[in-house]
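# model this:
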Amino acid sequence: LAEAVFPKVETIGQASFSRCTGLTRASFAACQTLESNVFSGCTVLAEVSFPVLSTVGQNAFENCPALTQISLPGVTVLPMYLFRGSTGLKKVKLSGQLTTIAAQVFYNCSSLDTLILDGITSVPAIANANAFQNTPIQAGTGYIYVPDALKSKFETANRWSNFAGCYRSCEDYPQIVNSL
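Numbers count the residues shown, from 1 in each chain. Predicted coordinates:
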């Protein structure tokens, strides 16, 4: 299976495509829920599209090294281990009403140098600083783009303050923020 394109599927069950090593593209135009481990271990998965996704389970994109970028505009909670070990992941865009980032969401995402939190209205809770363990963001060489009105709040917020040197205003970098 090289492509999974299902325009009307609303929920994808646990481990549905797990370890599908030939899957390169997944597009689910109506999908609102991804259960846990859905794409875990899909080593050549490079392109995904979930424009209306609101709920995603643990480990959904764990160990997907070919995935370089993803936009999840409607997701409110990033569960544990969501992208853990996805070493090619460079850019993640989240927006809307993101409320929580759990532990080890981006653990060992060794290429993650851009996190865009566009359109959020408050600083989301972060379980602990290890959400970004072994990433350029944790090393201070990556960037977190946030609305200008929230930048100072991020710089002083519990656990977010660990990344104080990484914040940039979304409004100052539209070419980056709007590229996904």
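
# Centre-most residue in the chain?
With distances taken as CA atoms, centre = their mean, the residue of the chain nearest its centroid is V92 (4.7 Å).

# What residues are bridge-paired with it?
Note on V92: beta-bridge partners I70, L115, judged by DSSP bridges.

# show me the contacts for F17.
1, 4, 23, 26, 38-39, 42 (CB atoms under 8 Å, 6 or more residues apart in numbering). Yep, even glycine has a C-beta here, placed from its N, CA and C like the rest.

# Among the residues you listed, name the least confidently predicted one.
By pLDDT, L1 ranks lowest within the contacts of F17, coming in at 89.

# And that one, how far from A149?
Distance of L1 to A149, given as CB to CB, to the nearest Å: 44 Å.

# Do I have it right that the residue nearest to the centre of the chain meets L67?
No: the pair V92 / L67 is not scored as a contact, 9.9 Å apart, by CB atoms under 8 Å.

# shared neighbours, the two?
What both V92 and L67 touch, as defined by CB under 8 Å, 6+ apart, is the set F83.

# Give the rounded mean pLDDT of stretch 51-58.
Per-residue scores along stretch 51-58 average to 96.

# How far does it sit from its chain's centre?
10 Å (CA atoms, centre = their mean, to the nearest Å).

# Can you point out the buried residues in that stretch?
When burial is assessed from 16 or more other CB atoms under 10 Å, stretch 51-58 yields the following buried residues: 53-54, 56-58.

# and it, C-alpha only, in PDB?
Extracted in PDB, the C-alpha atoms of stretch 51-58 (Å, rounded to 0.1, in the frame of the first residue of the first chain):
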ATOM      1  CA  PRO A  51      -7.500  19.300   7.500                       C
ATOM      2  CA  VAL A  52     -10.300  18.700  10.100                       C
ATOM      3  CA  LEU A  53      -8.600  16.500  12.600                       C
ATOM      4  CA  SER A  54      -9.400  17.300  16.200                       C
ATOM      5  CA  THR A  55      -8.300  14.300  18.200                       C
ATOM      6  CA  VAL A  56      -5.200  12.300  17.800                       C
ATOM      7  CA  GLY A  57      -4.000   9.300  19.900                       C
ATOM      8  CA  GLN A  58      -0.600   8.500  21.500                       C
END
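
# Give the other helices and strands that the longest helix along the chain contacts.
For the chain, the longest helix by residue count, based on DSSP state H, is helix 151-156. If you count contacts as 3 or more CB pairs under 8 Å, 6 or more residues apart in numbering; DSSP states H and E, helix 151-156 packs onto strand 167-169.

# Tell me the helix or strand right after the strand it packs on.
Using DSSP states H and E, the helix or strand that follows strand 167-169 in sequence is helix 174-177.
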